[in-house]
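# here is a sequence together with a model predicted from it:
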Amino acid sequence: MHLVVVDLIPALLSWEGRDRSDEPSVAPEAAHALGHLFDAFQMIAVADAGTTSAVLRRHLEQQELAGYFDVVVTSAEHGPVLTARAIRRIVRTAAPRERGVVVTARAGLAADLRRSRMAVVLTRHEEFGGVVDAVFDIAYGRVTP
């Protein structure tokens, strides 16, 4: 496994309690966690189609996080929201030979991904820094996804 897919909102970026025209809050220790993951994995950032990939990349650039992602994409070609099916297709398009682990803060999406036999790390925005160990544990077979 050489791929990590990060469901950006709300795991990494959050507008909770903010106007969408404001800059999002960034998960604590985001750069530190992404740096560890980027050194070992190909990285794809994904989000719902409500925001364009260009807007997402701009937000990531403003927070100095864009460089950690090889690809930034939304579910636009696959529907208005991210689903397990949309993520599988995004992975097949961006990294066709890779199986990966998905990092998300959405419990429903995590459950759907697990039913689809995809490896998942479920986190919360406030706990994003802790995903590094979970991703490496899955990648190296120390835990079953």
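Ah, there it is.

# residues contacting His2?
Going by Cβ atoms under 8 Å, 6 or more residues apart in numbering, His2 touches 40-42, 98, 100, 139. Quick note: C-beta positions are derived from backbone N, CA and C, even for glycine.

# swap in 6 Å and give it another go.
Applying Cβ atoms under 6 Å, 6 or more residues apart in numbering to His2 gives the contacts 41-42, 98.

# in strands, which of these appear?
Using DSSP state E, the subset of those located in strands is Gln42.

# okay if I get the contacts of His2 as TSV plus pLDDT and distance to Ala105?
Output for those, formatted as TSV (pLDDT from 0 to 100; distance: Cβ to Cβ, whole Å):
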residue	pLDDT	distance to Ala105
Phe41	94	19
Gln42	93	21
Glu98	73	22
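
# so where is the chain shaky, pLDDT-wise?
1, 17-21, 144-145 (pLDDT under 70).

# need the phi and psi values for the residue most central in space within the chain.
Geometric centre of the chain, nearest residue: Val6, 0.9 Å, by Cα atoms, centre = their mean. When read as degrees, to the nearest 10, the backbone of Val6 gives phi -110, psi 120.

# dump the residue contacts of the closest residue to it other than its chain neighbours.
Closest residue in space to Val6, ignoring its immediate chain neighbours: Val103 at 4.8 Å, by Cβ to Cβ, 6 or more residues apart in numbering. Listed by Cβ under 6 Å, 6+ apart, the contact set of Val103 reads 6, 11, 121, 131.

# for the second one, which non-adjacent residue is closest in space?
I take that to be Ala11. Looking at Ala11 with Cβ to Cβ, 6+ apart, the closest residue is Ala105, at 4.0 Å.

# that neighbour touches Ile9, doesn't it?
No: look at Ala105 against Ile9 with Cβ atoms under 6 Å: they stay out of range, at 8.2 Å.

# report all helices and strands that the strand or helix carrying Ile9 contacts.
If you go by DSSP states H and E, Ile9 is part of helix 8-11. Packing contacts for helix 8-11, counted by 3 or more Cβ pairs under 6 Å, 6 or more residues apart in numbering; DSSP states H and E, involve strand 42-47.

# noted, bye for now.
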